[in-house]
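J.: sequence plus predicted model, see below.
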Amino acid sequence: MRATVMFGAGDVRIENVPDARLVEPTDALLRVTRACICGSDLWPYNQMEHSASGQRMGHEFIGVVDAVGADVRTVKVGDVVVAPFAWSDGTCVFCHEGLHTSCLHGGWWARDGIDGGQGEAVRVPQADGTLVVLPVGADDALMPSLLTLSDVMGTGHHAALAAKVAHGKTAAVVGDGAVGLCGVIAARRLGAEQIILLGRRPDRIALAKEFGATDIVSERGDEAVERVRELTGGFGAHSVWECVGHDLSTVTALGIVRPGGAVGRVGLPQHEQIPTTLTTFFDNVSIGGGPAPARAYIEELLPDVLEGRIEPGRVFDRVISLDEVPDGYRAMNERESIKVLIEL
Ligand SMILES: [Zn+2]
């Protein structure tokens, strides 16, 4: 079968790889119909050292079940399913607590011999715990929005919970990528009254406003902090999303949260330490977040997608074939595209 393999920074290829197949009785075999490129895929795209064997890619995908192992109970051949960006058993202590990313028997796609989502097929371990059956056909018009449940919409929602968003409060979202934009959706969905997006690119700002952003701050660094304070009566925001992971974005996020507020971190940190510990200590700021347990949120968010109350699929502004994936990485990396959808 064919799948995306990264061999080093800027070197993404579509390669022939061993066919995905059932191994464990708890596996399902999925024929991928939709996948996408993630902002986090751009970290290795910019930094990965050359590897002769390469690294399989992709952790967001929807597909049709082609085969199931003998112990699989909740999905069957022909089901259209979405996979969250980590696989999990759904039965261990952490899964029961809603933290599927810490599953005792789970793991990550495209790592340790597990297939990546940017390919023709995937062996899904722990299929019962991992996959969620979608009550639609494989080519339903809602596919882009349903695909965001695998990562970016769940991640925007996770940041909202970590930032303790609440009805009538002020939210500020640092980052205008797909996660930040989904963070705006989550802020409005959970009742934030003022929603400030920190971003600079016109197409993203326009989409953020349609998703519910009430204010836009395009300054950076100290000027951004100053501007958010002006917009919030001098105090800062109750709830802040950090959706980038850079030093500057983290300093900004911690600089715009008001005393007693909370910061939800979902941008993969590119730094060793969280800065400004003294200020956030004296301001009683909560800092939470991490990889979103997207699996935990699919059931909650799915009805809103199916009934059209939220349209996170609008973050996709380019649709490509598997062969065009290398150019899709380039387009996202050069900020020519917000998020790229792959149709197989
Ligand atoms: Zn588990």
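T.: That came through, no problem.
J.: which residues does Ala237 contact?
T.: 170-172, 194, 196, 228, 256-258, 261 (C-beta atoms under 8 Å, 6 or more residues apart in numbering). Where C-beta positions appear, they are placed from N, C-alpha and C, glycine not excepted.
J.: give me the neighbour count for the closest residue to Gly39 other than its chain neighbours.
T.: Leaving out its chain neighbours, the residue that sits closest to Gly39 by C-beta to C-beta, 6 or more residues apart in numbering is Gly177, at 4.9 Å. Gly177 has 24 neighbouring residues, counting by other C-beta atoms under 10 Å.
J.: phi, psi for Gly177 please.
T.: Note on Gly177: its backbone torsions stand at phi -80, psi -170 [degrees, to the nearest 10].
J.: is it true that Thr203 touches Asp317?
T.: For residue 203 the amino acid is Asp, not Thr. Yes - between Asp203 and Asp317 there is a contact under C-beta atoms under 8 Å: 7.3 Å.
J.: got any residues that touch both of those two?
T.: In contact with both Asp203 and Asp317: Ile338, using C-beta under 8 Å, 6+ apart.
J.: higher neighbour count, the two?
T.: Between Asp203 and Asp317, counted using other C-beta under 10 Å, Asp317 has the larger neighbour count: 17 against 12.
J.: is that one in a helix, a strand, or coil?
T.: strand (DSSP: H, G, I helix; E, B strand; the rest coil).
J.: which residues touch it?
T.: 203, 337-339.
J.: what does the stretch 1-150 of the chain put close to the ion?
T.: Residues of the stretch 1-150 of the chain lying near the ion by C-beta under 5 Å from the ion: 88-89, 92, 95, 103.
J.: could those residues be laid out in TSV, adding neighbour count?
T.: Listed next are these as TSV, based on neighbours: other C-beta atoms under 10 Å:
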residue	neighbour count
Ser88	26
Asp89	19
Cys92	18
Cys95	23
Cys103	23
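J.: so can I have JSON lines of those showing pLDDT?
T.: Putting these into JSON lines (pLDDT from 0 to 100) gives the following:
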{"residue": "Ser88", "pLDDT": "98"}
{"residue": "Asp89", "pLDDT": "98"}
{"residue": "Cys92", "pLDDT": "98"}
{"residue": "Cys95", "pLDDT": "98"}
{"residue": "Cys103", "pLDDT": "98"}
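J.: and the helices in this protein, which stretches?
T.: Listed in chain order, the helices of the chain (DSSP state H) span residues 42-47, 93-96, 127-130, 143-147, 152-162, 178-189, 202-211, 221-231, 247-255, 277-282, 294-306, 325-333.
J.: convert the C-alpha atoms of the lowest-mean-pLDDT helix or strand in the chain to CSV, please.
T.: Taking mean pLDDT, DSSP states H and E as the measure, the helix or strand of the chain with the lowest value is helix 277-282, at a mean of 87. Extracted in CSV, the C-alpha atoms of helix 277-282 (Å, rounded to 0.1, in the frame of the first residue of the first chain):
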residue,chain,number,x,y,z
THR,A,277,6.6,31.3,37.2
LEU,A,278,6.8,34.1,39.8
THR,A,279,4.1,36.3,38.2
THR,A,280,1.8,33.4,37.7
PHE,A,281,2.4,32.3,41.2
PHE,A,282,1.5,35.6,42.8
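J.: so what's the closest residue to Glu193 other than its chain neighbours up against?
T.: Among residues not flanking Glu193 along the chain, Gly168 sits closest, at 4.9 Å (C-beta to C-beta, 6+ apart). By C-beta under 8 Å, 6+ apart, the contact list for Gly168 reads 191-193.
J.: any chance of these in JSON lines, plus pLDDT, neighbour count and distance to the ion?
T.: Shown next, in JSON lines, are the contacts of Gly168 (pLDDT from 0 to 100; neighbours: other C-beta atoms under 10 Å; distance: C-beta to the ion, whole Å):
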{"residue": "Gly191", "pLDDT": "97", "neighbour count": "12", "distance to the ion": "31"}
{"residue": "Ala192", "pLDDT": "98", "neighbour count": "27", "distance to the ion": "31"}
{"residue": "Glu193", "pLDDT": "97", "neighbour count": "14", "distance to the ion": "37"}
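J.: now render those as a markdown table, adding distance to Leu278.
T.: Shown next, in a markdown table, are the contacts of Gly168 (distance: C-beta to C-beta, whole Å):
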| residue | distance to Leu278 |
| --- | --- |
| Gly191 | 32 |
| Ala192 | 28 |
| Glu193 | 30 |
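J.: for the residues you listed, which one is nearest Leu306?
T.: Nearest to Leu306, judged by C-beta to C-beta, of the contacts of Gly168 is Gly191 at 21.0 Å.
J.: does the closest one really touch Ala166, like I thought?
T.: Yes - in this structure, Gly191 is within contact of Ala166 by C-beta under 8 Å, at 6.7 Å.
J.: picking that back up, ok, the residue nearest to Gly39 touching Ile338?
T.: Yes - the pair Gly177 and Ile338 qualifies as a contact (C-beta under 8 Å) at a distance of 6.9 Å.
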